[in-house]
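[1] Dropping the sequence and predicted coords here.
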Amino acid sequence: MHQDTQVITDLILQAAEKARREVAAEPEPELTKPIQWPVTCTVGPGLEGAISCETKIGYVNGSKGWLIYRGYDIFDLCACCSFEEVAWLLLHGDLPDEDELAGFRAKLNDYFRLPKTTRLLMGFPVEEMNPMAALRMGSILSRQEFTFVDQDAAKPKESMAISADEDSIPMETKPTGEQHAIYEFRTGKGRPRPDSAATAMQDTTGFESCYHLLAGVATLAGVVARVRAGKLPVEPDPELSFAGNFLYMMTGRRPTPVETRVMDVAMILHADHGMNASTFAAMVVASTLSDIYFAVGSGIAALNGPLHGGANEAVLHMLNEIGSRDNVAAWYADARANGRKIMGFGHRVYKAYDPRARVLQPLAQFLARTDHGMGKMLDIADTLSDAVVRELGAKKGIFPNVDFYSGLVYTALGIPPVMFTPVFAVARVSGWTARVQEYLEHNRIFRPRAMYTGPFDRKVSDRKKRD
């Protein structure tokens, strides 16, 4: 192991030790047990608090600052594992052995290559597009390169499908309806392989499509970054790891061992995070028995929204606006007086310190040793963090979140701010695909209800007499 990468591991373990001293060790009993349907829960606007399914993939305890993947603490995974190992863990339930990891890495290296999709994507004005729009388009285009599902012969027969509303009727019948849908698909998830389909082309079910998307979305993000910079895409290097190749395909520069290690950690931290908006979007689409490519495209679309992705880019703009650590106190006082949102603080889930921020802060400090421009920005960030936590930490549970330091880390790695959210998406493909695969094992189409508050008994008037 490179000497400096061991220092990174030590920093993560120190952050873990500090976190464990500050929180208790018991999970939430009401949220960590099998569901007995139908379930009673308190639901707020936007389905807040609703229970939609069981999962063994990830667990977030916001009151204690926990993030768990398949039973493993996020600190341990960051300290001991690569992103490939964690992606395998999310998808398959256990960490890979040496043979499984070698085979997985070989497949990802092979699936990085998207010649047809890259040519198609570059036929669009990528340099003028929102990078997330380009990424979503590329993910859908790759569906044609890797799968046969768009061929007419592969279409499912109408007699094998059902109406979504028919499926929802039993559960909407008072008092609780039926426990299971009356109408179901009569076959499994697969589609018939057309005789004209090339041997290498696959169905969209199963883990191979997940692997294709994991590698393919990384390649497409690299293409988008290069084209936006006015440069041609670069081919992946089979000697590099997933994180190393991702950095290389975005920047055109082979990363150092330290940069690769930091990128690995950052991607692990972003791989999964509970039933967030983009994960839910992906699962809703998959629940219709659409396919994994459309599901991941929906996740990308949801992540593009500024209430979900993009906050780390806004943090950089905020730090640039503050300008210097000497200006932090005045800027913060003015922001508080005017009710201005301070980017990178607080979280919908966490009322304790975000464990991802605990890891990223020391990594940012480590990188700042050799990057003087980043050192100035980090001084501003740390001074602002101290001010916010001092006033609002204990009182309101507001602490730095993952976005507060991730943008600084990405900047030190040479990633332009406009690509921060695509980087998030590349890492999150592992979580999206894992949760889709898990949900489809006991699939039921999502079909919540809305409360109607409109009028009744309105009469249609003559068009000429309408206001």
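    Ah, there it is.
[2] Please count neighbours and contacts with C-alpha atoms only from this point.
    OK.
[3] could you pull out the helices for the stretch 351-467 of the chain?
    Assigned by DSSP state H, counting those that start in this stretch, the helices in the stretch 351-467 of the chain fall at 355-367, 372-388, 394-396, 402-412, 420-440.
[4] show me the contacts for Cys80.
    With contacts defined as CA atoms under 8 Å, 6 or more residues apart in numbering, Cys80 is in contact with Thr9.
[5] tell me which residues of the strand or helix carrying Glu17 are tucked away?
    Here Glu17 sits within helix 3-22, counting by DSSP states H and E. Within helix 3-22, the residues scored as buried using 16 or more other CA atoms under 10 Å are 5, 8-9, 11-13, 15-16, 19.
[6] And stretch 225-232, end to end?
    Start and end residues of stretch 225-232 are separated by 10 Å (CA to CA, to the nearest Å).
[7] typo on my end, it should be stretch 247-255
    End-to-end distance for stretch 247-255, by CA to CA: 7 Å.
[8] So what touches that stretch?
    Against stretch 247-255 from outside (CA under 8 Å, 6+ apart): 219, 221-223, 225-226, 233-236, 244-245, 260, 263, 414-415.
[9] Repeat that for stretch 295-304.
    132-133, 135-137, 139-140, 277-286, 308-310, 421, 425, 429, 432-433.
[10] could you dump that stretch to CSV, C-alpha only?
    Taking C-alpha atoms only, stretch 295-304 is exported to CSV below (Å, rounded to 0.1, in the frame of the first residue of the first chain):
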residue,chain,number,x,y,z
ALA,A,295,-35.2,2.8,-13.8
VAL,A,296,-31.6,4.1,-13.6
GLY,A,297,-32.5,6.9,-16.1
SER,A,298,-35.3,7.9,-13.7
GLY,A,299,-32.9,7.9,-10.8
ILE,A,300,-30.6,10.2,-12.7
ALA,A,301,-33.6,12.5,-13.6
ALA,A,302,-34.6,12.7,-9.9
LEU,A,303,-31.0,13.4,-8.8
ASN,A,304,-30.8,16.3,-11.2
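[11] out of the buried residues of helix 3-22, which one sits closest to Phe146?
    Thr5 (36.1 Å; CA to CA).
[12] distance of the closest one from Ala427?
    Using CA to CA, Thr5 is found at 21 Å from Ala427.
[13] now Ser142
    For Ser142, the distance to Ala427 - CA to CA - is 18 Å.
[14] Let me see the backbone angles for Met129.
    Main-chain torsions, Met129, degrees, to the nearest 10: phi -90, psi 150.
[15] Strands of this structure, start to end?
    Counting by DSSP state E, the chain has strands at residues 58-61, 66-69, 72-73.
[16] Return the distance of His317 relative to Glu28.
    Applying CA to CA to His317 and Glu28 gives a distance of 37 Å.
[17] nearest residue to Ala434 other than its sequence neighbours?
    Leu91 (4.5 Å; CA to CA, 6 or more residues apart in numbering).
[18] Does that neighbour touch Val429 like I think?
    No. Counting by CA atoms under 8 Å, Leu91 sits too far from Val429 to count as a contact (10.5 Å).
[19] Which one of the two is surrounded by more residues?
    A count of neighbours by other CA atoms under 10 Å puts Val429 above the other of Leu91 and Val429, at 28 against 23.
[20] any idea of the pLDDT on that one?
    pLDDT for Val429: 98.
[21] quick one: contacts for it?
    Here Val429 is in contact with 213-214, 217, 271, 296 (CA under 8 Å, 6+ apart).
[22] Weed out the non-buried ones from the residues you listed.
    Here, 16+ other CA under 10 Å leaves 213-214, 217, 271, 296 buried among those.
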